[in-house]
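With the sequence up front, the predicted model follows.
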Amino acid sequence: MPDSNHVHPDVLSLRKMLLLKKQELSALLEITQAINQDTTEDTLYKIFQFTLLGQLNIRRMVLYVKDEGQWQCMVSFGHQLADFRKIELPDEIIDTCLSGPYPVASLPLGPEWQKLETIIPVGHQDTVSAYVMIGSVQEDYANDEANKFLETLSNILIGAIENRRLNRQRISAAAMRKEIEIAQEVQNLLFPSKLPNDEQVAVHASYVPHTAIGGDYYDVVSIDKERFLFCVADVSGKGVPASLLMSNFQAGLRTLLRQNVELATIVHELNHLLFRNSGGEKFITVFFGIYNRTTRHLQYVNAGHNDPILIPDSGPIQYLKEGTVMLGIMEKLPMLTVGETQMPPHSLLLSYTDGLTEVFNEAGAEYGEEGLIRLMTRNRYLPLTALHKEMLREIEEFSVTKNQFADDITILSCRFK
């Protein structure tokens, strides 16, 4: 009868190997169960840590993961081990450890790294997405086969976390696309569907957004048979917040016009509305004009906006400057002047946003207001549609970036017949 205390060495070796395989399977099962339960990333890292500690008896471990091009330590545990979350991954590891397990002792690393023994790169071919660094490993679990299993286990973990990140990005991108679609619809509804074109006046507008959702706005609103209001505005910022602020601005403007209040009151009330909505963090520059077809009289307020250019049939060019500061930066406007002028027959008024003039050529020269006036003087009697096309063609030709303009462009022209 064989002595149970004298087991053949091969049998002992087989038992150890079976036990290690059982531990590996348990570790694999714990990680895959955690992944399938849609566990958070932080929890996955903790389970990975406790699995290596509990199932494989790895006493020290550090995990660095590449996240959006930056290396971050996501796990750092072990007796007498420094907190690697506060230590940058050395270039010696990044440049040298591209494949296979690498002994820490062979690299010129600082004393805090000497508690670790092996560096295992995780990734595909020469692209490393993570480094697993282990130390104080039990003797039976310190061979090439064990290292390969650790690499496989880490690959599963990093792959699952990357999939979560990509899925989160997809959901975020889809939500952003929907938000942009809604904002674009809102913005399109803000612009008037029909502009005046009769025996007294013709109005034409062009709008070229810099991004999917611009920060410019224009409007033309009939007040009564004789009068209509027109405005051109530029909100600070871009995107959805700018679009929402503009929609509040338009709603407030239309409400005030229905109440038949004076232009000065409209400007004060809109300033208060904008300040209340943005707390002074956003502002709008805007030009308001109210034109009376019968009297040819124009009332206007320029609230920190580019000065509209009035080109009469004869005589000097005028700039409509009277008004106040931009709206929304303070609760009460410090001053407000309502400008008044007569519109001579056959005169042309151009209101625009600064995207039209702040265009630069290869030499760094700005197209500017001077370039705009030269163009208008040459083409003042063109139909408004053709005039706008000529403006956009010329600044595109002038610009070093061609049709990739740096800002939104809004043009609103009025021809007084």
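That came through, no problem.

Can you report how many residues neighbour the closest residue to Tyr131 other than its chain neighbours?
Distance criterion Cβ to Cβ, 6 or more residues apart in numbering; nearest residue to Tyr131, sequence neighbours excluded, is Tyr64 at 4.6 Å. The way it works is simple: take the backbone N, C-alpha and C, and place the C-beta from them, glycine included. Tyr64 has 26 neighbours, counted by other Cβ atoms under 10 Å.

how far away is Thr357 from Ala365?
Per Cβ to Cβ, to the nearest Å, Thr357 is found 12 Å from Ala365.

With neighbour numbers in mind, choose between these two.
Thr357 (18 against 12).

which stretches of this structure aren't confidently modelled?
1-36, 38-39, 54-55, 124-126, 136-145, 183, 186-187, 211-214, 239 (pLDDT under 70).

Now find how far off-centre the helix ranked longest in it is within its chain.
Criterion DSSP state H: the longest helix present in the chain is helix 144-190. How far helix 144-190 lies from its chain's middle: 16 Å, per Cα atoms, centre = their mean, to the nearest Å.

quick one: contacts of the helix or strand following it?
Note on helix 144-190: by DSSP states H and E, the next helix or strand toward the C-terminus is strand 201-208. The contact list for strand 201-208 (Cβ atoms under 8 Å, 6 or more residues apart in numbering) reads 191-192, 195-197, 214, 216, 218, 220, 230, 291, 293, 355, 384-385, 387-388, 391-392, 405, 408-417.

one more time with 6 Å
With contact meaning Cβ atoms under 6 Å, 6 or more residues apart in numbering, strand 201-208 is reached by 195-196, 218, 220, 384-385, 388, 409-416.

Kindly report the same for stretch 79-88.
For stretch 79-88, using Cβ under 6 Å, 6+ apart, the contacting residues are Arg60, Val62, Cys73, Ser76, Glu112, Lys115.

wouldn't Leu273 be in contact with Gly252 here?
Yes: using Cβ atoms under 6 Å, Leu273 makes contact with Gly252 at a distance of 4.6 Å.

Between those two, which is the more surrounded one?
Neighbour totals were compared for Leu273 and Gly252, and Leu273 leads with 20 against 17 (other Cβ under 10 Å).

Let me know whether my guess that that one is in a strand holds.
No: assessed with DSSP: H, G, I helix; E, B strand; the rest coil, Leu273 is helix; it does not lie in a strand.

Among the contacts of strand 201-208, which lie within helices?
Reading helices off these with DSSP H, I get Leu384, Thr385, His388.

The first one against Leu412, yeah?
No: between Leu384 and Leu412 there is no contact, the gap being 9.7 Å when judged by Cβ under 6 Å.

rewinding a little: may I see the ChimeraX selection of the buried members of the contacts of strand 201-208?
ChimeraX command restricting the contacts of strand 201-208 to the buried ones, with burial defined by 16 or more other Cβ atoms under 10 Å:
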select :195,196,218,220,384,388,409,410,411,412,413,414,415,416
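
Need the max-distance pair from the contacts of strand 201-208.
Ile409 and Phe416 (23.4 Å; Cβ to Cβ).

residues near Trp417, how many?
That one is not Trp; residue 417 is Lys. Neighbours around Lys417, by other Cβ under 10 Å: 12.

residues in contact with it?
Contacts of Lys417 by Cβ under 6 Å, 6+ apart are Gln200.

Then Met376?
With Cβ under 6 Å, 6+ apart, Met376 has these contacts: Ile311.

how about a cut-off of 8 Å?
Ile309, Ile311, Leu348, Leu350, Leu387.

These in helices, which ones?
Using DSSP H, the contacts of Met376 in helices are Leu387.

Quick one: which of the contacts of Met376 is the most crowded by neighbours?
Going by other Cβ under 10 Å, Leu350 tops the contacts of Met376 with 25 neighbours.

excluding its backbone neighbours, what's nearest that one?
Ile309 (4.8 Å).

residues in contact with the one you found?
Counted by Cβ under 8 Å, 6+ apart, Ile309 has contacts Ile317, Gln318, Tyr319, Leu349, Leu350, Glu369, Leu372, Ile373, Met376.

for the fifth one, which residues make a bridge with it?
Each beta-bridge partner of Leu350 is listed here: Ile309, Ser413, as defined by DSSP bridges.

quick one: contacts for it?
Taking Cβ under 8 Å, 6+ apart as the test, what Leu350 contacts is Pro308, Ile309, Ile311, Leu372, Met376, Ile411, Leu412, Ser413.

Of those, which is the nearest to Arg168?
Ile411 (41.4 Å).

Check whether the closest one really touches Lys389, as I assumed.
No: contact criterion Cβ atoms under 8 Å: Ile411 and Lys389 do not qualify, at 10.3 Å.

element containing Lys332?
Lys332 belongs to no helix or strand, assigned by DSSP H and E.

and it, how many residues sit next to it?
Quick note: Lys332 (other Cβ under 10 Å) scores 9 neighbours.

ok, now the one 4 residues further on?
A count of neighbours around Leu336, defined by other Cβ under 10 Å, yields 17.

Could you find the closest non-adjacent residue to it?
That would be Thr324: by Cβ to Cβ, 6+ apart, it lies 4.4 Å from Leu336.

How many neighbouring residues does the one you found have?
20.

I figured Gly215 was touching Asp408, is that so?
Yes: using Cβ under 8 Å, Gly215 is in contact with Asp408, at 5.9 Å.

Now list whatever residues contact both of those two.
Asp234, Lys238.

Name the residue in those two with the higher neighbour count.
Gly215 (27 against 23).

Against Ser347, how distant is Gly315?
Gly315 is 9 Å from Ser347, by Cβ to Cβ.
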